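Peer 1: what follows is a predicted structure for the sequence shown.
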Amino acid sequence: MTTTTANAEWMKELLFEKQQRFEKIKQGGGKKAIERQREKNKLTPRERVAYLCDNDKPFIEIGAFAGYDMYAEQGGCPAGGTVAGMGYVSGRQCIILANDQTVKAGAWFPITGKKNLRMQEIAMENHLPVIYLVDSAGVFLPMQDEIFPDKEHFGRIFRNNARMSAMGITQIAAVMGPCVAGGAYLPIMSDETLMVEGNGSIYLAGPYLVKAAIGEDIDNESLGGAATHTEISGIADYKFKTEQECLDQVKNIIGKLGHKQKAGFDRIETVPPAKTPHEIYDAMPAHNTKPYDVMNIIDCIIDAGSFQAFKQDYGKTIICGYARIDGWAVGIVANQRLIVKTKKGEMQLGGVLYNDSSDKAARFILNCNQKKIPLVFLQDVTGFMVGSRSEYSGIIKDGAKLVNAVANSVVPKITIITGNSFGAGNYAMCGKAYDPRFIYAWPGAKIAVMGGEQAAKTLLQIQTAGREVSPEEQKELLDKIKDRYDKQTTPYYAAARLWVDDIIDPAQTREVISEGINAANHNPEIGDFKVGVFQV
């Protein structure tokens, strides 16, 4: 078996594992819960999204692994109880959020709130229309203290409804099931509200609570059904007998939206990559343990012949260059994992940021902002170089220069974590804290302060300081620490907490970047690029 084959086999094993986990997530609350939906003539959230979206355009799911392996005591919350993503409706790129009624009646867990806020953030950053497919029982009461009162909790959703409306972002709400209590504000704060007869309902308090509060006997439909809100209260704008009719009207509304000014990112006719998308499986060494040339990844993503290197012979542990992806002009910043030799005959470790590579990347980012070119970061970084030599050379100064440039960059940034994402390298290469428009991880990605082996040894020294430890006890402690740490560095742990938007097939990298830039192009407000004070 050749090394190339071993690389591809490793990646395919990771993809198979990912798909197996995703298939389970797609079941939502399980077969019985789905059957109960069918008995009410209701579609599942994934069926609703599929019916709504254009078949000939991609749907980029976001947050599919949100809540993964979390809330075990509560029975779990697959996909955060919401199916969401970026797709095309009547030819228009939109953000779509669909409550999953099969998961605890569509109740909101803490991660549900975080996921919905992330989708609204994407809509606001990129000026994309939002379609809410509403079917939710409201806040998950046993965890109300973690979802209800804080700044980034449930109420922020409605604040964002108001802010998006003021920004001129279209919001459409299709009410296909319950919309209860505080959640009732979401459809009413949208531009237009559609309801399905017999299933859709909107009210601040349901029949049981109304009976307890004021002694009134009333049924669900009379209190807040489609007829009530289209004929009496005037809250809803349309009613339909079936979900399909309701979704058809959503398509009609979106199809009539006026076209707005765009950002003007440059795009020409697309050219296929020099390498096939599936050759990307060979580009990353199995388990990411050996040096490799990141250009093998780049050549699978970019339009053939479009790459122009920036400072090619300087700061070789990072690759910077202009290229095109699906016709879009981009600036690429990628960690180079080759062991490189400098002109002075010194060796530099791949995947490590040195003074020269940090300086080079910072300057390139400034250039891309000057030219209004979106940035793509390919992360496989173990951090900044340490030791006396680096400290004497001012590695902190050069690292701060790069972080400053990334933090203040105003052009759209899209980050792909292909391998390691450790320490301050995560920040310098535009990790989640630095506001990438979109951030995705490959199945073999690892995100942590440092590698598991190094972290385990460091923690072991702290735990055993001042006492003698037998080799057996030392090994037991080390294995225990490493196992826990390794679990926390997986892409699933990160995706569950929305540190990344999704775990993607490497062959999908080109597509998600292109769709991300297309989304960003809808927002003409780029802003002025300014950098703060830093030492040169």
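Peer 2: In hand now; what should we look at? Numbering: from 1, shown residues only.

Peer 1: can I get the helix ranked longest in the chain as PDB, trimmed to CA atoms?
Peer 2: Across the chain, the helix with the greatest residue count (assigned by DSSP state H) is helix 3-25. Provided in PDB are the C-alpha atoms of helix 3-25 (Å, rounded to 0.1, in the frame of the first residue of the first chain):
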ATOM      1  CA  THR A   3       1.600   6.400   1.200                       C
ATOM      2  CA  THR A   4      -0.900   8.100  -1.000                       C
ATOM      3  CA  THR A   5      -3.300   5.300  -0.700                       C
ATOM      4  CA  ALA A   6      -2.900   5.200   3.100                       C
ATOM      5  CA  ASN A   7      -3.700   8.900   3.200                       C
ATOM      6  CA  ALA A   8      -6.800   8.500   1.200                       C
ATOM      7  CA  GLU A   9      -7.900   5.500   3.100                       C
ATOM      8  CA  TRP A  10      -7.500   7.300   6.400                       C
ATOM      9  CA  MET A  11      -9.600  10.300   5.200                       C
ATOM     10  CA  LYS A  12     -12.300   8.000   3.800                       C
ATOM     11  CA  GLU A  13     -12.500   6.200   7.200                       C
ATOM     12  CA  LEU A  14     -13.000   9.600   8.800                       C
ATOM     13  CA  LEU A  15     -15.700  10.500   6.300                       C
ATOM     14  CA  PHE A  16     -17.500   7.200   6.800                       C
ATOM     15  CA  GLU A  17     -17.500   7.800  10.600                       C
ATOM     16  CA  LYS A  18     -18.800  11.300  10.000                       C
ATOM     17  CA  GLN A  19     -21.600  10.100   7.700                       C
ATOM     18  CA  GLN A  20     -22.600   7.400  10.200                       C
ATOM     19  CA  ARG A  21     -23.000  10.000  12.900                       C
ATOM     20  CA  PHE A  22     -24.800  12.400  10.600                       C
ATOM     21  CA  GLU A  23     -27.300   9.700   9.600                       C
ATOM     22  CA  LYS A  24     -28.200   9.300  13.200                       C
ATOM     23  CA  ILE A  25     -28.600  13.000  13.700                       C
END
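
Peer 1: and the helices in the stretch 401-536 of the chain?
Peer 2: Using DSSP state H, counting those that start in this stretch, the helices assigned to the stretch 401-536 of the chain run over residues 423-428, 452-463, 471-488, 491-496, 509-520.

Peer 1: for the helix or strand that comes right after the longest helix of the chain, which outside residues touch it?
Peer 2: Later in the chain than helix 3-25, the nearest helix or strand by DSSP states H and E is helix 31-39. With contact meaning C-beta atoms under 8 Å, 6 or more residues apart in numbering, helix 31-39 is reached by 27-28, 43-44, 101-103. C-beta coordinates here come from the backbone N, C-alpha and C atoms, glycine included.

Peer 1: could you list the buried residues of the longest helix of the chain?
Peer 2: Using 16 or more other C-beta atoms under 10 Å as the test for burial, helix 3-25 gives 7-8, 10-11, 14-15, 18, 21-22, 25.

Peer 1: quick check: Phe158 touching Leu186?
Peer 2: Yes. Counting by C-beta atoms under 8 Å, Phe158 does reach Leu186; the two are 6.4 Å apart.

Peer 1: which of these two has more neighbours?
Peer 2: Leu186 (23 against 16; other C-beta atoms under 10 Å).

Peer 1: pretty sure the more buried one sits in a helix.
Peer 2: Yes. Assessed with DSSP: H, G, I helix; E, B strand; the rest coil, Leu186 lies in a helix.

Peer 1: that one contacts Tyr132, correct?
Peer 2: Yes. Leu186 sits in contact with Tyr132 when judged by C-beta under 8 Å, with a separation of 6.2 Å.

Peer 1: much appreciated, bye for now.
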